[in-house]
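**Student:** here you go, sequence then predicted model.
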Amino acid sequence: MTFSQLYRKAKRDLEAAGVDDPQFDAMCLIDYLFGVDRADLSVMGDSIPDSDKENRFLRYVEKRASGFPLQYIIGTWSFMDIPLCIGEGVLIPRDDTEVVVRETLKRIEAVQNPRIIDLCSGSGTISIAVAKARPDAEIISLELSETAFVYLEKNIEFNGCGNIRAINGDLFKAFNDFDDHSFDAVISNPPYIKSDVIETLSSEVRHEPRLALDGGEDGMLFYNSIAENWLCKIKHGGVIGVEIDEDLTSEIITRFEKSSVKNIEVIKDIAGLNRAIMGTLP
Ligand SMILES: C[S@@+](CC[C@H](N)C(=O)[O-])C[C@H]1O[C@@H](n2cnc3c(N)ncnc32)[C@H](O)[C@@H]1O
């Protein structure tokens, strides 16, 4: 088949499989495997690719059509223009996470050399975005999964973030290792999906690690621990910023208020959904 025929076949197969944006995914796979982008395709559409690569391409299209995430096939994804290596075993970075990053950066603008901890760091999405925006900051990235931790370390190195220290540890225990009032900000995008909802998610999301999604029976497991064990690590006047699911808004606000968080604000994403809760410590 020619490049054009391969592209059209991929688009047709992905569309038939119910992939959201078959054109985009087909083009990404062509680009990934053959280094041929949309502009190249119009010039060399009639050329015939190497047959080994053609077979690999068709296998990837089949895999994608079965619900396997495009990002895991390609192995890299960008968040706030930052390239991140990702693969099975680590959460795919979401644009929504930009909300908690931007809001935290805004609130620590006036703090020099801020000390920040990112709980549940995954591939390093939040830590690396903050580290790049604030080279003067000292950032600690805490991640439990050994698989995700490998990606975290790789992404920190690849992006040249010498101001991040990655720790392979557990949010439910690691608070003992840090002094009270020692951080200017605690930031987190923790697992927050209710356990019994996970089986109802799309097959694509179910390819992502359960450890990255499961927020316990009521989705509050991690927020409760953050309130109980991590808020006391924040300096007076320091910032707490968490990504949320809209359904948990009032529970998280109530929990944070109980722990004396002040200036609580709910921030929406571009879809108009509540996406982050921000606050300060008295
Ligand atoms: C929703 S993902 C967020 C990843 C990343 N911050 C992002 O926004 O792309 C949650 C992360 O928490 C990690 N995690 C789960 N349980 C944890 C625990 N007890 N302690 C630390 N990290 C944990 C998961 O492995 C996963 O990487």
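**Tutor:** Structure received. Values in this document were obtained by computation on a predicted structure and should not be read as measured data.
**Student:** please tell me how far residue 101 sits from residue 267.
**Tutor:** Distance from residue 101 to residue 267, counting by Cβ to Cβ, to the nearest Å: 11 Å. All C-beta atoms are positioned from the backbone trio N, CA, C, and that covers glycine.
**Student:** mind listing the helices for the stretch 51-200 of the chain?
**Tutor:** With DSSP state H, counting those that start in this stretch, the ranges of helices along the stretch 51-200 of the chain come out as 51-65, 70-74, 98-107, 125-133, 146-158.
**Student:** out of those helices, deepest packed?
**Tutor:** helix 125-133 (a mean of 25; mean count of other Cβ atoms under 10 Å).
**Student:** so that helix, near the ligand or not?
**Tutor:** Yes: counting by Cβ under 6 Å from any ligand atom, contacts between helix 125-133 and the ligand involve 125-126.
**Student:** which helices and strands does that helix pack with?
**Tutor:** Here helix 125-133 touches strand 76-79, strand 82-85, helix 98-107, strand 115-119, strand 138-143, helix 146-158, strand 164-168, strand 183-188, going by 3 or more Cβ pairs under 8 Å, 6 or more residues apart in numbering; DSSP states H and E.
**Student:** the longest one - contacts with which helices or strands?
**Tutor:** To tie it back to what came earlier, the one meant is helix 146-158. Looks like helix 146-158 contacts strand 82-85, helix 125-133, strand 138-143, strand 164-168 (3+ Cβ pairs under 8 Å, 6+ apart).
**Student:** over to the third one?
**Tutor:** Other elements packing on helix 98-107 under the criterion 3+ Cβ pairs under 8 Å, 6+ apart are helix 125-133, strand 183-188, strand 234-243, strand 262-268, strand 274-280.
**Student:** how about the ones you listed in CSV, adding mean pLDDT?
**Tutor:** Formatted as CSV, the helices and strands packed on helix 98-107 follow (pLDDT from 0 to 100):
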stretch, mean pLDDT
helix 125-133, 98
strand 183-188, 98
strand 234-243, 98
strand 262-268, 98
strand 274-280, 98
